[in-house]
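> okay, sequence plus prediction incoming.
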Protein chains: 2
Amino acid sequence: MAQNATYQDIANYTGFSKTTISRYFNRPDSVTPENRRKIEHAQEVLNYKGNKVARILASGKTEFIGLIIPNMYLSFYGEVISEFLRTHDRYGYKFIVFNGSGDEESERRYIGELLSYHVEGLIVLSHTVPSYELASYRTPVVAIEREDFYISSVNSDNHSGGASAARHLYERGCDLLIHINKGGDDPRIPAQDRIDGFCSVCDELKVRHKVLTYEGETSYADLETKIIPIIDRIIDTWPDHRKGIFCSSDSIANITLNHLFHRFGKLPDDFRIIGFDGSPIASRAVMPLTTIRQQVDVMVDNAMELLIEQIQAIKDAESGRPVTLHPEPKHRIIPPVLQVGSTT
Amino acid sequence: MAQNATYQDIANYTGFSKTTISRYFNRPDSVTPENRRKIEHAQEVLNYKGNKVARILASGKTEFIGLIIPNMYLSFYGEVISEFLRTHDRYGYKFIVFNGSGDEESERRYIGELLSYHVEGLIVLSHTVPSYELASYRTPVVAIEREDFYISSVNSDNHSGGASAARHLYERGCDLLIHINKGGDDPRIPAQDRIDGFCSVCDELKVRHKVLTYEGETSYADLETKIIPIIDRIIDTWPDHRKGIFCSSDSIANITLNHLFHRFGKLPDDFRIIGFDGSPIASRAVMPLTTIRQQVDVMVDNAMELLIEQIQAIKDAESGRPVTLHPEPKHRIIPPVLQVGSTT
DNA sequence: TTGTAAGCGTTATCAA
DNA sequence: TTGATAACGCTTACAA
């Protein structure tokens, strides 16, 4: 079983030096057309495969980006992965994906591992490791929909998302607006903006409203056990209102909708539901959910831009060009869009 | 901006040689406890990070596995990715994920790229590159739910899946069984077994049946445009039968269900629908789909076992131990389970 | 346009 | 138990 061919083998075969072979691969123009053909031929004869590991070691450039997501049961994250993979054709970066599962120590280990592979940058969607720690790694990093005080980030315009949800429910005749969201420890998370936007519109319209929270979940099934009691409480507590429920994810909206169906055989007329994400589960349902759709493709494009900017800054710095070494974190805000379904 | 510390730095700091530092990391017992402490201390002082790239180059072991999936709009593949990522805690392998998008040339390029990163193995779910070519790379490889003539694989027991779908529809009183599946070019694909299982049970039960096919799709929306005409044709052609429709994916089943709802406002009593996959879209719907659920977790576990077996065989071969170099491909068959919903 | 030689940060093989 | 030294396969000055 022959070992893989190397530059050295091609060099021996053609009579050139390793350097020329290297140049052939990196800047073909710098080799005469005739010699280019010779090398090309040798390459095929020897079935040359290439070894990027050696190239990385020598050049320091891995073309790897680490991607850390919190879970896979929210379809939002699947969509995010998908969109990032799609950027490969444009930028050439490969993605090493980790599922943090909400455990801070694991995520820290994963990050360490990614750094030791010399990834050129990190995209972080998981919530546990604080941004000041991420910033301290001195590696390009972009946060998406998470606490981002010390690092660049891309977020949905959660404030306007919450606001348009409230406005839409009001327009659909609701006189009690309820927002269901995860119980927050850190007030700087994006979800807080959603709550603020929701409440400020409610105040403005002078419509009664509530924010109900649940404790962090670990799976879709777990989420169900936490949401269903909340819905039951709503049914019992406010029988005489037309209730507009703004859920902080389509999963929650879906659970809400299903539970109402199971109790009443239909979506009762005193309920309106609106989700958040724009996931397939929303649009592909027999009764499509009204939802605030995040523009995942746009968010991912922006994240790549921000990350590549940082990667470029580091390359510039290394090649001695003048450069701002610690630029202010940049935050991009992507407006979500109201996607009207049948639940409002 | 200080460079990352290396073994050399630790060696200089402690007065040992690089070799000793290397041994400290790889076989700590081979260093005296006292010296171990010294090195440990130096490691912290210098904030040593490690460089796996260099380790890979020197040792040849990357701990990387390449994962090539055909698309991300079928939730099956998202679930597969998720399950593979979960194995990291058990086996330590990292995953480089590519989305083949059904283009043979891209997939071939991706595979080349993965090989040049010296991934230790390949998991292939995409359909384009034939298995004899995959086998020719002489790299450990496991196929999942695709043509697998020359390589090891894990598949759902498609025959029994198709059979139990037919049996279930028959038991639910259908007198015309229809199977919708992708138009096949290659008869060796797993889907063919599904068709066979379906038809053989129909023959056995002496119930009338049809297999309808559509041409390869590129997205969920595209799939809709291909499936809807088929459903319309079914409605027009066989008005007087109770039709049991077995769809080759939950997405197709979902499209079918939605279309029937849009035309009739409900699932008409002369229709029964059964999907295949067991995706969230099936179980989380207001009207949960009956479906043949693939045991993704079991399939992934088996795939990892088969792959690691091959990786181990290569390591054994390299260390000179006697070993069968080209063992027969192994094929594992995982039984899917009938998951009864509200559409039958 | 081509070649020489010195790395990149590990692991592996011998000796000591 | 430790150390000197040679790989691993490529990139990158610097020379020719």
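Yes, it's here.
> quick one: residues contacting residue A:21.
A:7, A:10-11, A:14, A:39 (C-beta atoms under 8 Å, 6 or more residues apart in numbering or on different chains). Every residue, glycine included, has its C-beta placed from N, CA and C.
> so which elements touch the helix or strand of chain A with the lowest mean pLDDT?
Lowest mean confidence among the helices and strands of chain A (mean pLDDT, DSSP states H and E): helix A:280-283, at a mean of 86. Applying 3 or more C-beta pairs under 8 Å, 6 or more residues apart in numbering or on different chains; DSSP states H and E, we find helix A:280-283 packed against helix A:250-264, helix B:280-283.
> turn those into a markdown table, columns for distance to DNA strand D and mean neighbour count.
Formatted as a markdown table, these follow (distance: least, C-beta to the nearest atom of the strand, whole Å; neighbours: other C-beta atoms under 10 Å in any protein chain shown):
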| stretch | distance to DNA strand D | mean neighbour count |
| --- | --- | --- |
| helix A:250-264 | 45 | 21 |
| helix B:280-283 | 44 | 22 |
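> out of these, nearest to DNA strand C?
Nearest to DNA strand C, of all the helices and strands packed on helix A:280-283, is helix B:280-283, at 41.7 Å by C-beta to the nearest atom of the strand.
> worst average pLDDT in the helices and strands packed on helix A:280-283?
Mean pLDDT per stretch puts helix B:280-283 lowest among those, at a mean of 86.
> how far off centre is that helix?
Taking C-alpha atoms, centre = their mean, to the nearest Å, one finds the center of helix B:280-283 at 18 Å from the center of the full chain.
> mind listing residues that contact it?
A:73, A:75, A:220, A:280-281, A:284, B:75, B:250-251, B:253-254, B:275, B:288-289, B:291, B:339, B:341.
> mind running it again at 6 Å?
Where contact means C-beta atoms under 6 Å, 6 or more residues apart in numbering or on different chains, the residues beyond helix B:280-283 that reach it are B:75, B:250, B:254, B:275, B:289, B:291.
> and if you look at stretch A:41-58?
A:4-5, A:9-10, A:13-14, A:62, B:53-54, B:56-57, B:116-118.
> top of the residues you listed by neighbour count?
Highest neighbour count within the contacts of stretch A:41-58: residue A:10, with 25 neighbours (other C-beta atoms under 10 Å in any protein chain shown).
> confidence score at it?
90.
> ok, now which ones touch it?
By C-beta under 6 Å, 6+ apart, the contact set of residue A:10 is A:21, A:42.
> let's go with 8 Å and repeat that
A:16, A:21, A:39, A:42-43, A:46, A:48.
> so what's residue A:249 up against?
So residue A:249 contacts A:74, A:76, A:275-277 (C-beta under 8 Å, 6+ apart).
> so which of those residues are also by DNA strand C?
Among those, proximity to DNA strand C is found for none (C-beta under 7 Å from any atom of the strand).
> so of those, which ones are in helices?
The helices, defined by DSSP state H, take in residue A:76 from the contacts of residue A:249.
> could you tell me which of the contacts of residue A:249 are located in strands?
A:275-277 (DSSP state E).
> got the residues you listed as TSV, with pLDDT, distance to chain B and neighbour count columns?
What follows is the ones in strands among the contacts of residue A:249, written out as TSV (pLDDT from 0 to 100; distance: C-beta to the nearest C-beta, whole Å; neighbours: other C-beta atoms under 10 Å in any protein chain shown):
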residue	pLDDT	distance to chain B	neighbour count
A:275	96	13	29
A:276	95	16	30
A:277	93	13	27
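> interface residues of chain A facing DNA strand C?
A:15-20, A:23, A:29-32, A:35, A:54, A:57-58.
> can you list the helices and strands packed on helix A:280-283 in TSV and add distance to residue A:96?
Output for those, formatted as TSV (distance: least, C-beta to C-beta, whole Å):
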stretch	distance to residue A:96
helix A:250-264	27
helix B:280-283	25
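> sorry, back to before: out of the contacts of residue A:21, which sit inside strands?
Per DSSP E, these never map to strands.
> what about DNA strand D: which of these touch it?
residue A:7.
> show me the contacts for residue A:255.
A:223-224, A:227-228, A:231.
> could you rerun that using 6 Å?
Neighbouring residues of residue A:255 by C-beta under 6 Å, 6+ apart: A:224, A:227.
> equivalent analysis for the one 4 residues further on, please.
Residues counted as contacts of residue A:259 (C-beta under 6 Å, 6+ apart) are A:228, A:231.
> could you say which helix or strand holds residue A:209?
strand A:208-214 (DSSP states H and E).
> buried residues of that strand, list them for me.
A:209-211, A:214 (16 or more other C-beta atoms under 10 Å in any protein chain shown).
> what of stretch A:145-161?
Result for stretch A:145-161 [16+ other C-beta under 10 Å]: buried residues A:145-148, A:150-161.
> hang on, the earlier thing: adding distance to residue A:122, write the contacts of helix B:280-283 out as CSV.
Listed next are the contacts of helix B:280-283 as CSV, based on distance: C-beta to C-beta, whole Å:
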residue, distance to residue A:122
B:75, 27
B:250, 34
B:254, 36
B:275, 38
B:289, 38
B:291, 38
